[in-house]
Structures are given as structure tokens and as C-alpha cells.
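1. how would this look folded up:
(one chain, ligands or ions: 1)
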Amino acid sequence: MKITTILGARPQFIKATVVSSEFAARPGIDEEIIHTGQHYDVSLSGIFFAELGLPEPRHRLEVGFGPHGRQTARMLERLEATLEAHRPDLVLVYGDTNSTLAGALASAKLHIPVAHVEAGLRSFNRRMPEEINRVITDHLSTFLYAPTETAVANLAREGISGKRVMQVGDVMFDVVRRFAAVSRRDLLDRLSLVPNQFVLATIHRAETTDDPTRLCAVVDALCKVAQRIPVVLPLHPRTRQRLRSLRIEAPRLGEIRMIEPLGYFDMAYATHHARLVVTDSGGLQKEAFFHRVPCVTLRSETEWVETVALGWNTVVPPDSPDLVVGEIEAALARPAPPEPLIDPYGGGKAAQRIAAHLETLARVIPTASDSDSLRSSWPGSSRPSTSLI
Ligand code: UD1
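-> All right, here's what the predicted structure looks like:
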């Protein structure tokens, strides 16, 4: 079976690593990667291919940055042409970025079945571009790989259920487990950081960076925290641009240690050894949990409700510096929560489950000419969704 994987942004390169290597080990699956070019800097793209051993993309669409409409439209146009020329049996998309949406839409219109990894996540906040992307992608998908029970329930509420929804676990947990042994000791030395005695912060989401009140609240709060414990902040280009355009620079940035974005191994090592993670990222709040590091999430809500229920994550909207400082201080003072009795994220076997499912399909429907029957045979199915297939 010919599978085309569509990737475009940093977290997708990371997630695809484990799934692609499962595909490579299965002779019935022939994968090729399309890189939309949404992320193009080495620090947001190239480094992940090099470090994590992800196969080179077969096609690079080089759409680059632009407003949402233009960026997504460029992707659609180029994806349609590429997919039409290659006619895969199935297209695989990850997460909730503009590349995810464009990949799902282009494929669905060409009647190519779509499989969505990280299906069913909801923040219930339609002001987030990611929420719009993931809702539409789920409704266009033939197969939905949900990471958690909550995600399966979210899909069911929207009328998406049956055999095509599979609770497989979280692929990011697979990645954390796979590379757990990689050491980056020199990183902490270089930054003069002591394990367990620093805060690791990231901010990049449009809701935080594009709202000057929120961005200033985060910066002022981190400055205050940095007076008592080192705060290291790897800067996403979006955040760097916003800080520059608001003229937020030294001395307002105080003791915050701003650094370039980190590669996967450095970031994982820094996360593992942090005393606390403070972030607006969807992925990092979960990675903090995987490393059993407490997290303060700077948002109004989270899709990863399990991390909150288990006591490892606190969600706070960055509406004022005092509010944020208060939550960070409280999190630093709190003892670590107990080890969870159950693992809500699938035990590190999500990629295996996804590949095994697609391999089974490949045996049933092995050729491109049968793609339409593949598409039509699943969505109507009324069998209840399976838990951790
Ligand atoms: C995108 C995703 C977000 C994901 C994030 C991971 C959408 C709507 N958002 O947000 O869900 O969490 O990726 O990082 O798809 N830029 C560079 N170099 C690059 C890429 C981008 O400088 O290689 C700059 C662009 O010029 C732009 C900004 O970063 O100013 C934002 O890039 P964009 O791809 O629109 O979204 P992200 O914020 O990265």
C-alpha cells in the first residue's frame, strides 16, 4: 500500500519519526513524505530530519510563511498537483496545523482516504486556528487515530464513531520512550544550569504572541520568576518577531535567558532536568508529564485534560503577570504528584498500533485502484470504537 505522509511543522516531524520507522519495517507499506514547507528554518525543520532519522521528503512544496488563507491555499494547490500525479492509496496527516488541514482537504477532494494521527483533540475554543484545523480534518478523515479516551468521546459527540475510530495512544510518548537514553549533559553545562534548578519556558502560540497584553504578562511574569530561579526560554521565530515589533528588549527582559530554538534531543534533555515547565505549547505540556516534570500551561484551556486531572499540569490564562507568577510560585512549592496508576497515553505503542492497522488494510486492499472502496467501506461502519487496539 502506498502511503503519503504530509508534514509541515516542527511537532509533526517529531511525531512522524516513530510511525515512519514502523512503516519502514513492514514490507506491505511503502511510504513517501511530502514536506509542505510551512516550517523552513533549519532550527524548526532540518534539524529534526537529521537528528531523528526521518526519511528525506520525496517532495518539498516550499509554501513558506503567509497569512492563514494564503499559506493554506498555496499548500492546497501544490498538494493537489502532487497527489494527483502520485495517487497514493492513503494520506496520513498529523495534529492540527495548516499543513494538516490542507493535506486532509486536498486528499478528500481527490477521493484519497485520509488517516489522522492525534484525532479527536478539542479545546472547544474556535478562536484557535488549530481547533478549526483539527475539527475539519477529523470530519474529512476515513481513519481516526485518537490518542486518549477523551479524544474518542469528543469524536463520538460529533457523530464520528465506529470501527474507523481507534484509540491507539499518543505517538509523542513513543518518541520520548524511544530516545530516553540520549544524553545532552553539555547543554546544561553550556547554559550554566543545574539539574532540577531551572524553569524551562516556551511561548509561540498565536493567542499568546499576537495579543500584546498576554505577551507582556508572560514576559513580566517570567522576569519576576527569573529573580529567584533561572528561566531559560528557547525562542520560536514568531515570538522573536513579536517581541521585536513591540520593542520588548533588554532591560525589560531582565534575567530571562533567551536562546535559539532547540533540537529534539536538547529539548527533551532540558525538559527532563527542569524543575518546572512553563509553556503555551500543546506538545510540551504533555512531554513534561512524560518526563514527570510539573507544568504550568499558559492558556485558557487544554486538550490534554489527563495531565491536569493527574495533578501534573496547571492551566492559567496569561491575563496578568501576577496571576502567572502566582501559579508558577505555587507549582514550584508543591510536592510532586503521585505516580499515575494508569497510563492515559497508551504505553508507548501508538506507532506500532497505527502501522499494524494500516498493514492489515494493505493486505485487504493492496492497490491504488481500490482506494475508493477503501474509502467507502469504513465511514458507515457502526461497530463500537475499540479501546487501545
Ligand atoms: C505552527 C502551528 C502550531 C504549532 C507550531 C509548532 C498552525 C496554524 N500553527 O505555528 O499549531 O504548534 O507550528 O511550531 O499551523 N517562521 C520562521 N521560520 C520557520 C517557520 C516559521 O521564521 O521555519 C516564522 C514565520 O515567518 C511566522 C511565524 O514563524 O512569522 C509563524 O509560523 P507559522 O508556520 O505560521 O506558525 P507557527 O507559529 O510556527
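2. tell me the spacing between residue 52 and the ligand.
-> Remark: distance between residue 52 and the ligand (C-beta to the nearest ligand atom, to the nearest Å) = 16 Å. To be clear about C-beta, it is placed using only N, CA and C from the backbone, and glycine gets the same treatment.
3. quick one: contacts for that residue?
-> Contact analysis of residue 52 by C-beta atoms under 8 Å, 6 or more residues apart in numbering lists 13, 14, 17, 175, 179, 264.
4. mind redoing it with 6 Å?
-> 17, 264 (C-beta atoms under 6 Å, 6 or more residues apart in numbering).
5. tell me the phi and psi of it?
-> phi -100, psi 0 (degrees, to the nearest 10).
6. can you check residue 59 too?
-> Residue torsions, per degrees, to the nearest 10, at residue 59 are phi -130, psi 140.
7. for residue 20, same thing?
-> The phi/psi pair for residue 20 (degrees, to the nearest 10) is phi -60, psi -40.
8. got it, and the one 4 residues further on?
-> Residue 24 has phi and psi values of phi -60, psi -30 when expressed as degrees, to the nearest 10.
9. same check on the one 4 residues further on?
-> Here is the backbone geometry of residue 28 (degrees, to the nearest 10): phi -80, psi -10.
10. quick one: it and the ligand, what's the gap?
-> Distance of residue 28 to the ligand, computed by C-beta to the nearest ligand atom: 32 Å.
11. surely that residue and residue 364 touch.
-> No: if you go by C-beta atoms under 6 Å, residue 28 and residue 364 don't touch, sitting 10.4 Å apart.
12. what about those two, which has more around it?
-> Ranked by neighbour count (other C-beta atoms under 10 Å), residue 28 and residue 364 place residue 28 first, with 14 against 11.
13. now that one. Nearest residue, chain neighbours left out?
-> In space, and not counting its chain neighbours, residue 28 is closest to residue 362: 4.0 Å by C-beta to C-beta, 6 or more residues apart in numbering.
14. the one you found sits in which helix or strand?
-> Assigned by DSSP states H and E, residue 362 falls within helix 350-364.
15. give the contact list for residue 169.
-> Residue 169 neighbours (C-beta under 6 Å, 6+ apart): 345, 346, 349, 350.
16. per-residue pLDDT of the residue nearest to residue 28, please?
-> pLDDT for residue 362: 86.
17. next one: it from residue 23, what distance?
-> Distance of residue 362 to residue 23, computed by C-beta to C-beta, to the nearest Å: 10 Å.
18. quick one: contacts of the host helix or strand of residue 271?
-> Per DSSP H and E, residue 271 falls inside helix 264-273. With contacts defined as C-beta under 6 Å, 6+ apart, helix 264-273 is touched by 14, 48, 51, 52, 182, 184, 187, 195, 200, 287, 288, 291.
19. for this structure, which spans come out with low pLDDT?
-> Scanning the chain for pLDDT under 70 picks out 365-389.
20. what residues does it have near the ligand?
-> 9-11, 38-41, 44-45, 65, 96-98, 129-130, 204, 237-238, 241 (C-beta under 6 Å from any ligand atom).
21. quick check on those: which are buried?
-> 9-11, 38-40, 44-45, 96-98, 129-130, 204, 238 (16 or more other C-beta atoms under 10 Å).
22. near the residue nearest to residue 275 when sequence neighbours are not counted, how many other residues are there?
-> Using C-beta to C-beta, 6+ apart and skipping residues adjacent in sequence, the residue nearest residue 275 is residue 196, 5.2 Å away. Look at residue 196: counted by other C-beta under 10 Å, it has 11 neighbours.
23. separation between residue 196 and the ligand?
-> From residue 196 over to the ligand the distance is 27 Å, taken as C-beta to the nearest ligand atom.
24. kindly export the lengthiest helix in the chain (C-alpha atoms) in PDB.
-> For the chain, the helix with the greatest residue count under DSSP state H is helix 68-86. The C-alpha coordinates for helix 68-86 follow below in PDB (Å, rounded to 0.1, in the frame of the first residue of the first chain):
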ATOM      1  CA  HIS A  68      -3.500  31.600   7.000                       C
ATOM      2  CA  GLY A  69      -5.600  31.800   3.900                       C
ATOM      3  CA  ARG A  70      -2.700  32.300   1.600                       C
ATOM      4  CA  GLN A  71      -0.500  29.700   3.200                       C
ATOM      5  CA  THR A  72      -3.200  27.100   3.200                       C
ATOM      6  CA  ALA A  73      -4.300  27.900  -0.300                       C
ATOM      7  CA  ARG A  74      -0.700  27.500  -1.600                       C
ATOM      8  CA  MET A  75      -0.500  24.200   0.100                       C
ATOM      9  CA  LEU A  76      -3.800  23.000  -1.300                       C
ATOM     10  CA  GLU A  77      -2.800  23.900  -4.900                       C
ATOM     11  CA  ARG A  78       0.600  22.200  -4.700                       C
ATOM     12  CA  LEU A  79      -0.700  19.200  -2.800                       C
ATOM     13  CA  GLU A  80      -3.400  18.600  -5.200                       C
ATOM     14  CA  ALA A  81      -1.000  18.500  -8.100                       C
ATOM     15  CA  THR A  82       1.500  16.300  -6.300                       C
ATOM     16  CA  LEU A  83      -1.100  13.800  -5.000                       C
ATOM     17  CA  GLU A  84      -2.800  13.600  -8.400                       C
ATOM     18  CA  ALA A  85       0.500  12.700 -10.000                       C
ATOM     19  CA  HIS A  86       1.300  10.100  -7.400                       C
END
